[in-house]
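> Starting from these lines, generate the structure:
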Amino acid sequence: QYQLVESGGGLVHPGGSLRLSCATSGYILDRYAIGWFRRAPGQEREGVSCMDSSGGKTNYVPSVKGRFTISRDNAKNTVYLQMNNLKPEDTAVYYCAAYSDFRQCILLYDSEYRGQGTQVTVSS
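Residues are numbered from 1 along each chain as shown. Next comes the predicted model:
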């Protein structure tokens, strides 16, 4: 019921694209904001994008705005992060997490509901 499972990471050249998936339950999608955050080696975690429980509000960190798009497929209970024009600085482990509300997602509160992460490596 509270499970989130990421997939879709991999190795891509600069300028390439990946689509990450976060599979969860309808219970989660109906009640929680979903966010993506990332952690690069030796760095603090960074919030990347958030979507509220209705799917109508989204937010992006400035460094990915215009390149990344968060979306959801209610029929599949899945949230996606489409990542285009990837840069080496996007290399990180990407996690999806569920938050009680949109504000908590934006402020990158700690969440007990998160996936195991998927590695994204951007390198030539």
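> going forward, measure contacts and count neighbours with C-alpha atoms only.
Will do.
> ok, residue 14 - contacts?
Taking CA atoms under 8 Å, 6 or more residues apart in numbering, we find residue 14 in contact with 85-88, 122-124.
> Am I right that it sits in a helix?
No: per DSSP: H, G, I helix; E, B strand; the rest coil, residue 14 lies outside any helix segment and is coil.
> Give me the pLDDT for it.
What the model reports for residue 14 is a pLDDT of 98.
> Relative to residue 70, how far out is it?
For residue 14, the distance to residue 70 equals 20 Å [CA to CA, to the nearest Å].
> Tell me which stretches of this protein form strands.
Under the criterion DSSP state E, the chain contains strands at 5-7, 10-12, 18-23, 33-39, 46-51, 58-60, 68-73, 78-83, 92-99, 118-122.
> Ignoring the adjacent residues along the chain, who's closest to the residue nearest to the spatial centre of the chain?
Against the mean C-alpha coordinate of the chain, by CA atoms, centre = their mean, the closest residue is residue 36 at 2.4 Å. Here the nearest residue to residue 36 in space, its sequence neighbours aside, is residue 96; by CA to CA, 6 or more residues apart in numbering that works out to 4.4 Å.
> who's in contact with the one you found?
Applying CA under 8 Å, 6+ apart, one finds that residue 96 lies in contact with 4-6, 22, 34-37, 114-115, 117.
> Show me the shaky parts of the chain.
Counting by pLDDT under 70, the chain has low-confidence residues at 1.
> again, only using 90
1-2, 112 (pLDDT under 90).
> ok, residue 61 - contacts?
With the criterion set at CA under 8 Å, 6+ apart, residue 61 makes contact with 47-49.
> export the residues you listed to JSON lines and tack on distance to residue 76?
Output for the contacts of residue 61, formatted as JSON lines (distance: CA to CA, whole Å):
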{"residue": "47", "distance to residue 76": "24"}
{"residue": "48", "distance to residue 76": "22"}
{"residue": "49", "distance to residue 76": "20"}
